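Chemist: my questions concern the predicted model and sequence given below.
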Amino acid sequence: MLDIKAIREDAATIKERLATRGGDAHLLIDEVLACDETRRKAETDKQSLQSDRKQLSKQIGALMSQGKADEAETIKEQVREIGEQISTLDEQGDAAGTRQTELLMGIPNLPHPDCPVGDNEDANPEIRVWGEKPDIAEPLDHVALAEKHGLISFEDGTRITGSGYVVYRGNGARLERALIQMLLDTQTREHGYEEVNVPHIIKRECMEGTGQLPKFEDDMYGIEDNSLFLAPTAEVPVTNLYRDTLLTEDQLPVKLTAYTPCFRREAGSAGRDNRGIIRMHQFDKVELVQIVHPEKSFDLLEELTGHAEAILQKLGLHYRVIELCTGDIGFSSTKTYDIEVWSPGQDKFLEVSSCSSFADYQARRMKLRFKDENGKNQICHTLNGSGTALPRLYVALIEQYQQADGSITIPEALAPYFGADSII
């Protein structure tokens, strides 16, 4: 949520930065300010009336003690009228405050001042590339490889649930489990993250805290009249572990990692990278979350992005890093790097991780603060990144490591987890 104080102080700049995202969110700022003015004026007028009522109430007692009952009754009537005016102001202020909150909850974060300006993904600059494209003559895609080796059953997933779901079988299930274990071990043993195992069903207020709601409710799986939701990403339950929390400065940074299945309707994504397991309604993911000091937020985003890249480097997978432009950046994010891994079978890069700083946007929604060295409460900054999403990592691994004889080599770093050096 944007800081209302910042909006009051420089609405023009706020509008300008929001406008670079595209859409019409910047047009809501004037209504936010109008609600804010109504709410604040109602509170000021209310305080003035309360002061008047207090003074009149004192007069009532004095008049009654002097036997001036008629005059006291006149003043009592004035007090009652003031009470009615205060009630009206309360209603006006509450209505304006509610509308202001609704507006702020629907306005995205400000892109970082250095965020590249552009309309869509075509304007995302490439930051770096790691490794080389494997030289594979007529590569099979992951669907053909999975069917050849009995790794994934698409029919079983459809039989059990429907399209957008799969069943991993035999070596396929073992490979998925091995990847999850390796990802968690890398982040906890090498990069200092605490592993947490969190619920996969989440309260509505937690979804609001990280920004999935209200904007993206149609893409979520809600239950109990949408008071609870299946986790769309571990970012939501993990970050919300510190909702309504006041940390001490020496507790920062908080570094957490978690594996969860993720559930998304993927509304409106028909035809977009939908072959095989590239885009599914349920998928596995290892998430990285950091809660950090505001002054270190963007330096630590670089570090967190490196932690996600380390997985692909250990596996020897060719990938690139791009920075998202203002027209492509996520709703809650202020700065984002996407890590895209090469898929020989698709002949293109596939996003496998998105690493973002949200600045104070999520923390303000969640009331996540820390007490600084001067004893003042400050809003934390939050970061998160996929470390990584499993389906596209799985796709890239079996496609990049396919051999001419039809086998799949298991990377050296993964072999101890998988229990073999190849799938024959």
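Modeler: Good, I have the coordinates. Residues are numbered from 1 along each chain as shown.
Chemist: for T186, list the residues it contacts.
Modeler: A310, I311, K314 (C-beta atoms under 8 Å, 6 or more residues apart in numbering). C-beta here means a position set from N, CA and C on the backbone, and glycine is covered the same way.
Chemist: how about these in CSV, adding distance to G150?
Modeler: Shown next, in CSV, are those (distance: C-beta to C-beta, whole Å):
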residue, distance to G150
A310, 31
I311, 26
K314, 26
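Chemist: where does E412 land in three-state SS?
Modeler: coil (DSSP: H, G, I helix; E, B strand; the rest coil).
Chemist: what residues does it make contact with?
Modeler: D421.
Chemist: and if we set it to 10 Å?
Modeler: K314, L315, G316, D421 (C-beta atoms under 10 Å, 6 or more residues apart in numbering).
Chemist: for the second one, give me phi and psi.
Modeler: It refers to L315. Torsion angles at L315 (phi, psi; degrees, to the nearest 10) stand at phi -90, psi -10.
Chemist: can you check the pLDDT for it?
Modeler: Per-residue pLDDT puts L315 at 98.
Chemist: gap between the nearest residue to it once chain neighbours are set aside and L317?
Modeler: Distances taken as C-beta to C-beta, 6 or more residues apart in numbering place P411 nearest to L315, at 4.7 Å, with adjacent residues excluded. According to C-beta to C-beta, to the nearest Å, P411 stands 8 Å off from L317.
Chemist: shared neighbours, these two?
Modeler: L397, Q400, Y401.
Chemist: any chance of those in a markdown table, with secondary structure, distance to C325 and neighbour count too?
Modeler: Output for the shared contacts of P411 and L317, formatted as a markdown table (DSSP: H, G, I helix; E, B strand; the rest coil; distance: C-beta to C-beta, whole Å; neighbours: other C-beta atoms under 10 Å):
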| residue | secondary structure | distance to C325 | neighbour count |
| --- | --- | --- | --- |
| L397 | helix | 29 | 24 |
| Q400 | helix | 28 | 24 |
| Y401 | coil | 33 | 22 |
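Chemist: what's the closest of the residues you listed to A123?
Modeler: Using C-beta to C-beta, Q400 is the member of the shared contacts of P411 and L317 that lies nearest A123, at 27.9 Å.
Chemist: how near is that closest one to D94?
Modeler: Applying C-beta to C-beta, the value for Q400 to D94 is 58 Å.
Chemist: need the phi and psi values for S386.
Modeler: phi -80, psi 130.
Chemist: about what we covered before: show the buried residues in the contacts of E412.
Modeler: K314, L315, G316 (16 or more other C-beta atoms under 10 Å).
Chemist: these into TSV, with extra columns for distance to T161?
Modeler: Shown next, in TSV, are the buried ones among the contacts of E412 (distance: C-beta to C-beta, whole Å):
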residue	distance to T161
K314	33
L315	29
G316	34
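Chemist: between those, which is closest to E373?
Modeler: The closest of those, once distances to E373 are taken by C-beta to C-beta, is K314, at 38.2 Å.
Chemist: center of this protein - which residue?
Modeler: T210 (4.8 Å; C-alpha atoms, centre = their mean).
Chemist: what sits against it?
Modeler: 202, 232-233, 235-240, 243, 289, 332, 358, 361-363, 365-366, 382, 384.
Chemist: on that earlier part again, looking at P411 and L317 now, which is surrounded by more residues?
Modeler: Between P411 and L317, counting by other C-beta atoms under 10 Å, L317 is the more crowded of the two (22 against 16).
Chemist: contacts only, for that one.
Modeler: Contacts of L317 by C-beta under 10 Å, 6+ apart are 130-131, 134, 311, 341-343, 352, 393, 396-397, 399-401, 411.
Chemist: please identify the residue most distant from the middle of this protein.
Modeler: G67 (67.5 Å).
Chemist: report pLDDT for it.
Modeler: 83.
Chemist: ditto for D360
Modeler: Confidence score, pLDDT, at D360: 98.
Chemist: so what's it closest to, chain neighbours aside?
Modeler: I379 (4.2 Å).
Chemist: contact partners for the residue nearest to L315?
Modeler: By C-beta under 10 Å, 6+ apart, the neighbours of P411 are M182, K314, L315, G316, L317, L397, Q400, Y401, F418, D421.
Chemist: go on, I107?
Modeler: By C-beta under 10 Å, 6+ apart, the residues touching I107 are 1-2, 7, 14, 18, 25-26, 28-29, 32, 215, 331, 361.
Chemist: now do the buried residues in stretch 98-107.
Modeler: Buried residues in stretch 98-107, counted by 16+ other C-beta under 10 Å: R99, Q100, L103, L104, I107.
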